[in-house]
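> when you get a sec, could you give me coordinates for this:
(one chain, ligands or ions: 2)
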Amino acid sequence: MLVINEEKCVGCAQCVPFCPREALAAWGLCAVQRVRCDDCLVCLEYCPVDALELSHEAG
Ligand code: SF4
Ligand code: SF4
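Residues are numbered from 1 along each chain as shown. Ligands and ions are numbered 1, 2, ... in the order given. Alright, predicted model coming up:
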């Protein structure tokens, strides 16, 4: 499952336009709308500070 590392995220919003499901938003910090995200992980490679991460926890 995609998770946002809030310690790393700088709220730059660079990831936002790359989500094909418009699940990302950034005001201050980035947030993911879980109902929209299908964990395609496309966004991971667009974060310049590697704040988008893959969590192995269920959910
Ligand atoms: S994992 Fe895919 S659907 Fe989820 S926020 Fe990233 S790009 Fe969007
Ligand atoms: S690209 Fe990375 S640092 Fe920028 S808003 Fe997205 S998750 Fe945060």
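
> just checking, residue 29 touches residue 5?
No - Residue 29 lies out of contact with residue 5 (C-beta atoms under 8 Å); the separation is 10.1 Å. For the C-beta atoms, the positions are set from N, CA and C on the backbone; glycine is no exception.

> how about the residues of this protein near ligand 1?
2, 19, 21, 23-24, 32, 37-43 (C-beta under 6 Å from any ligand atom).

> just checking, which of the residues you listed belong to strands?
2, 24, 32 (DSSP state E).

> of these, which is the most crowded?
residue 24 (24 neighbours; other C-beta atoms under 10 Å).

> skipping its backbone neighbours, what lies nearest that one in space?
residue 16 (4.7 Å; C-beta to C-beta, 6 or more residues apart in numbering).

> same deal with residue 48?
Of all residues not flanking residue 48 in the chain, residue 14 sits nearest, at 6.2 Å (C-beta to C-beta, 6+ apart).

> low-confidence bits of this protein, can you list those?
Within the chain, the stretches with pLDDT under 70 are 58-59.

> how near is the nearest residue to residue 1 once chain neighbours are set aside to residue 7?
Take residue 1 and drop its neighbours on the chain: the residue closest to it by C-beta to C-beta, 6+ apart is residue 55, 5.0 Å away. Look at residue 55 and residue 7: by C-beta to C-beta, to the nearest Å, they are 14 Å apart.

> neighbour count winner among these two?
When neighbours are counted by other C-beta under 10 Å, residue 55 comes out ahead of the other of residue 55 and residue 7, with 12 against 7.

> distance check, that one against residue 27.
For residue 55, the distance to residue 27 - C-beta to C-beta - is 22 Å.

> residue 7 now?
18 Å.

> what's the answer for residue 57, then?
Distance, residue 57 to residue 27, using C-beta to C-beta: 25 Å.

> residue 44 versus the residue nearest to residue 1, what's the distance?
Distance from residue 55 to residue 44, by C-beta to C-beta: 12 Å.

> surely residue 1 and residue 41 touch.
No - the pair residue 1 / residue 41 is not scored as a contact, 9.7 Å apart, by C-beta under 8 Å.

> SS state for residue 9?
Assigned with DSSP: H, G, I helix; E, B strand; the rest coil, residue 9 falls in the coil class.
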